[in-house]
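**Student:** Quick one, structure for this:
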Amino acid sequence: MTPKEAEAHDYYYTTPPEEFYQEYGDEIDDTANWNIDDFGNVVYESDWVFVMYFKHMDIEKKLVGSQEGFMTALDEYDPSNLIAEKLEIISGKEWLNKQ
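**Tutor:** The predicted structure is shown next:
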């Protein structure tokens, strides 16, 4: 393979077609979900946010959730697995400022 052929192959395999750029747009916003907790709920400044740890098998699983997320976590992981000593309750405003 000549250097010119190698360059053509490299371009063909590494350059996406123009349709790719049209389909996804010029920019993708990575910060679109900055106010979403681990359960998909939107957190507002007036909410309370629970930073909770559950015993899950042999590990501690950290979850961050609003009031609805906290109730979902209790249903999913069982209240007896909640590590109450590590439970933190902070304001939504404080949590959003950290994001």
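
**Student:** Point to the residue nearest the middle of the chain.
**Tutor:** Centroid check for the chain by C-alpha atoms, centre = their mean gives residue 38 as the closest residue, at 6.6 Å.

**Student:** Assumed that residue was part of a helix.
**Tutor:** No: read with DSSP: H, G, I helix; E, B strand; the rest coil, residue 38 is coil and lies in no helix.

**Student:** how far away is it from residue 1?
**Tutor:** 50 Å (C-beta to C-beta, to the nearest Å). (C-beta placed from N, C-alpha, C; glycine too.)

**Student:** Work out for me the element residue 90 sits within.
**Tutor:** Using DSSP states H and E, residue 90 sits within strand 88-91.

**Student:** CA atoms only: put that strand into PDB for me.
**Tutor:** Only the C-alpha atoms of strand 88-91 are listed here, as PDB (Å, rounded to 0.1, in the frame of the first residue of the first chain):
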ATOM      1  CA  GLU A  88     -27.000  13.600  55.200                       C
ATOM      2  CA  ILE A  89     -30.000  15.900  54.500                       C
ATOM      3  CA  ILE A  90     -29.000  19.100  52.800                       C
ATOM      4  CA  SER A  91     -31.000  21.900  51.100                       C
END
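
**Student:** any low-confidence regions in this protein?
**Tutor:** 15-31 (pLDDT under 70).

**Student:** could you point out the longest strand in this structure?
**Tutor:** In the chain, taking DSSP state E as the definition, the longest strand is strand 48-56.

**Student:** tell me what that strand is packed against?
**Tutor:** strand 59-65, helix 67-77, strand 88-91, helix 92-98 (3 or more C-beta pairs under 8 Å, 6 or more residues apart in numbering; DSSP states H and E).

**Student:** Pull out the buried positions in that strand.
**Tutor:** Under the neighbour-count criterion of 16 or more other C-beta atoms under 10 Å, strand 48-56 has 49, 50, 52, 53, 54 buried.

**Student:** Kindly reformat those residues as JSON lines containing distance to residue 6.
**Tutor:** Listed next are the buried residues of strand 48-56 as JSON lines, based on distance: C-beta to C-beta, whole Å:
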{"residue": "49", "distance to residue 6": "54"}
{"residue": "50", "distance to residue 6": "57"}
{"residue": "52", "distance to residue 6": "55"}
{"residue": "53", "distance to residue 6": "54"}
{"residue": "54", "distance to residue 6": "54"}
